[in-house]
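Novice: this one's sequence-less:
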């Protein structure tokens, strides 16, 4: 037991016009690990710490082109402090941005395309989204940075209830981005089985395929595989450090 705790509140509101209003608030106390930056970080570089932060995400997506295309503004605010760091490490030495905590507000734009036949367990169609937010150094306690991401998913019906899902993700940051907001791999979305933040850098990308096969009503099996990597910039990405994951459930 590490004493982790969080409050997570989120809501999506669809207006009759087709506009989507979304909001999410989180307050987190999270004993965590930092393994350094780059695709070749090792377990020996692991540093313990505790992150405490509150953040708020707000967005509005206005319908365009028959409501399948949505475009609108986004705002992200976050205040974070770092405690209980491992002595002698990069975080303790203040060698990475955000080591002493930060506060920032990002303003940007999001675009989404959705042609799926349903939101949950889609059988066909596509979903893609892209966003960019800039966090000016004049607001909060930071030196200014930006974050952008693009993600796409495609669902192909194979008959008899079987579906092949394909997905890809690209993220990139610039400026003095706090280490906790760097592009990273892992978590339950891409490269499941790798701890979120195990690998992080200015650029991260991943691609994934998942086959879903129905067994009986309300029960299905899934087989998935993924690969991806992180790097300083796009040109530094290399197949030599490729990360691979997969599984079934």
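Specialist: Yes, it's here. In this text the structure is predicted, and so the values were computed from the model without any measurement. Residues are numbered from 1 along each chain as shown.

Novice: Could you use CA atoms for every contact and neighbour count after this?
Specialist: Will do.

Novice: quick one: low-confidence parts of the chain?
Specialist: Scanning the chain with the threshold set as pLDDT under 70 gives 1-2.

Novice: Show me the strands in this structure, by range?
Specialist: Along the chain, the stretches classed as strands by DSSP state E are 5-14, 20-34, 47-64, 69-83, 102-114, 125-135, 145-159, 162-175, 183-184, 200-201, 203-216, 219-231, 243-248.

Novice: Residue 192: which of these is closest?
Specialist: strand 243-248 (6.7 Å; Cα to Cα).

Novice: so what strands line up beside the closest one?
Specialist: strand 219-231 (antiparallel) (DSSP bridges).

Novice: okay, the angle between the strand it pairs with and strand 203-216?
Specialist: In terms of direction (axes from the mean of the first three to the mean of the last three Cα atoms, to 10 degrees), strand 219-231 departs from strand 203-216 by 170 degrees.

Novice: burial of residue 159, as a residue count?
Specialist: 9 (other Cα atoms under 10 Å).

Novice: what's across from it in the sheet?
Specialist: On the basis of DSSP bridges, residue 159 is bridged to residue 162.

Novice: What separation is there between it and residue 215?
Specialist: 14 Å (Cα to Cα, to the nearest Å).

Novice: which residues touch stretch 21-33?
Specialist: Contacts with stretch 21-33, where a contact means Cα atoms under 8 Å, 6 or more residues apart in numbering, come from 2-15, 46-61.

Novice: and with 7 Å instead?
Specialist: If you take Cα atoms under 7 Å, 6 or more residues apart in numbering as the criterion, stretch 21-33 is touched by 2, 4-14, 46-61.

Novice: List the buried residues of that stretch.
Specialist: In terms of neighbour count (16 or more other Cα atoms under 10 Å), stretch 21-33 has its buried residues at 21-23, 25, 27-31, 33.

Novice: what does stretch 85-101 give?
Specialist: Under 16+ other Cα under 10 Å, the buried positions of stretch 85-101 are 85-86, 89-92, 96-101.

Novice: do the same with stretch 68-81
Specialist: 69-81.

Novice: want to try CSV for those, with distance to residue 138 as columns?
Specialist: Shown next, in CSV, are the buried residues of stretch 68-81 (distance: Cα to Cα, whole Å):
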residue, distance to residue 138
69, 33
70, 30
71, 27
72, 24
73, 20
74, 19
75, 16
76, 15
77, 14
78, 15
79, 15
80, 17
81, 19
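
Novice: Alright, calling it a day.
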